[in-house]
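J.: got a sequence here, can you model it:
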Amino acid sequence: MFDICNSYFYKMNKERIIYLIIYPIIFLFSKLPLWFLYGISNLIYYFVYYILGYRKKTVRKNLALCFPEKTDKERLMIEKKSFKHFVDIFIEMLKGFGIAQKEIDKRYKYMNPELFRQLEASGKSVILLGAHHGNWEWLFNINHHTNIKCYGAFKELGNKYFNTYVRENRGRFGSIFIPTQDTIPQILKNYKNNIQSMYGLLSDQSPQVSKTHYWAPFFGHVVPIHTGAEMLAKRFNFNVIYMHIEMPKRGYYEITFEKMTVPENTTSEYPLTDIYLKKLEKDITENPAIYFWTHNRFKHMGKAPVAKHN
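T.: Take a look at the predicted model:
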């Protein structure tokens, strides 16, 4: 018993020491101007891309699968730009811990906020569907623009002190951040209490094959697809909104929201998911350099179960 308690307190003290060491660094970075941070990002990019070579093979494989019509030179240009953006996102994430409301409103613009008024009037809760395209990290300020209570799921960190810091800091603009495993219980609780809410979900990564309900083409390749958003929308009669993100220049983003509706003549089992994939493909094709190609999105390609016929 003594050994268990001793081990527990050792772990707690270790977590606290790590937090006390790293927190000042995060705080300092978050207070530096972005023009300076982008200079640091350029240096990190050089190290990550040219020296470390982080996931280069995965990125090249993904780009070749999605853009076979492009030349090697064209894909290489996209590759380098995407790595620069990859590093920028982490820099912008750090800046997010100290960014002011005025600055984020200038850099992260909602192009059609009037849609929020329509959603509020409907009384229905909302699933906000996005992807790892552009900047999704600064979405934490969305509650500043709508009366709907906004929730964001996050994967808990191994350090409880950082968990608390991330949740409290990201929530300073009004949004509520909950651990991923608590998302469904929170949705059930809000639905039961008739609390109009908005839940932000990124649905472009590859799900576990054992939990896959649907396989569909993405850039012409059949892969497992997340369907949780559509299943929740059907079960609770939620509105579903797609989030387009454009980047007119470095560090500036324009977000346009679009309500998704199912065509009356659809025969698809997951029509909203199909619509989402088409919209995402279009956005990525128009600006591939701001997508996270480091995800091994096609790792289960060719593993789709064969349909059985009677």
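
J.: show the contacting residues for the nearest residue to Glu269 once chain neighbours are set aside.
T.: Distances taken as C-beta to C-beta, 6 or more residues apart in numbering put Tyr214 closest to Glu269, at 6.8 Å, once the chain neighbours are dropped. In short, each C-beta sits where N, CA and C put it, glycine included. If a contact means C-beta atoms under 8 Å, 6 or more residues apart in numbering, then Tyr214 has 224-225, 227, 269-270, 273 as its contacts.

J.: ok, Ala216 - contacts?
T.: Ala216 is in contact with 222-223, 225, 270, 273-274, 277, counting by C-beta under 8 Å, 6+ apart.

J.: could you do Lys189 as well?
T.: By C-beta under 8 Å, 6+ apart, Lys189 has no neighbours at all.

J.: so after the helix or strand hosting it, what's the next helix or strand?
T.: Following DSSP states H and E, one finds Lys189 within helix 183-192. On the C-terminal side of helix 183-192, the nearest following helix or strand under DSSP H and E is strand 197-202.

J.: and that next one, which strands flank it?
T.: strand 126-130 (parallel), strand 149-154 (parallel) (DSSP bridges).

J.: format these as JSON lines; extra columns: mean neighbour count and mean pLDDT.
T.: Output for these, formatted as JSON lines (neighbours: other C-beta atoms under 10 Å; pLDDT from 0 to 100):
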{"stretch": "strand 126-130", "mean neighbour count": "24", "mean pLDDT": "95"}
{"stretch": "strand 149-154", "mean neighbour count": "20", "mean pLDDT": "88"}
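
J.: the closest residue to Lys124 other than its chain neighbours: neighbour count?
T.: Leaving out its chain neighbours, the residue that sits closest to Lys124 by C-beta to C-beta, 6+ apart is Asn239, at 5.0 Å. By other C-beta atoms under 10 Å, the residues close to Asn239 number 20.

J.: pLDDT score for Asn239?
T.: As predicted, Asn239 sits at a pLDDT of 95.

J.: show me what contacts it?
T.: Per C-beta under 8 Å, 6+ apart, neighbours of Asn239: 119, 122, 124-127, 233, 259.

J.: would you format those as JSON lines with secondary structure and distance to Lys61 included?
T.: Putting those into JSON lines (DSSP: H, G, I helix; E, B strand; the rest coil; distance: C-beta to C-beta, whole Å) gives the following:
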{"residue": "Leu119", "secondary structure": "helix", "distance to Lys61": "39"}
{"residue": "Ser122", "secondary structure": "helix", "distance to Lys61": "43"}
{"residue": "Lys124", "secondary structure": "coil", "distance to Lys61": "41"}
{"residue": "Ser125", "secondary structure": "coil", "distance to Lys61": "38"}
{"residue": "Val126", "secondary structure": "strand", "distance to Lys61": "35"}
{"residue": "Ile127", "secondary structure": "strand", "distance to Lys61": "31"}
{"residue": "Ala233", "secondary structure": "helix", "distance to Lys61": "33"}
{"residue": "Lys259", "secondary structure": "strand", "distance to Lys61": "35"}
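
J.: write the PyMOL selection for whichever of the residues you listed are buried.
T.: Selection of buried members from these for PyMOL, criterion 16 or more other C-beta atoms under 10 Å:
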select buried, resi 119+125+126+127+233
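
J.: so what's the residue count around Ile184?
T.: 12.

J.: one step back: state the distance from the residue nearest to Glu269 to Ala153.
T.: Tyr214 is 20 Å from Ala153, where distance means C-beta to C-beta, to the nearest Å.

J.: also His295?
T.: Computed as C-beta to C-beta, the His295 to Ala153 distance reads 17 Å.

J.: with Pro224 instead?
T.: On the measure of C-beta to C-beta, Pro224 and Ala153 end up 20 Å apart.

J.: before we move on, what about Val223?
T.: 22 Å.

J.: related to what we said a few turns ago, looking at the contacts of Ala216, which is nearest Gly171?
T.: If you rank those by distance to Gly171 using C-beta to C-beta, Thr273 comes first, at 29.5 Å.

J.: I'd say that closest one and Met231 touch.
T.: No. Checked against C-beta atoms under 8 Å, the pair Thr273 and Met231 is beyond contact range at 9.3 Å.

J.: which one's more surrounded, these two?
T.: With neighbours defined as other C-beta under 10 Å, Thr273 and Met231 compare such that Thr273 has more, 25 against 15.

J.: show the pLDDT at the residue nearest to that one when sequence neighbours are not counted.
T.: With C-beta to C-beta, 6+ apart as the measure, Glu230 is the residue that lies nearest to Thr273, at 5.0 Å, once sequence neighbours are left out. Among the per-residue scores, Glu230 holds a pLDDT of 93.
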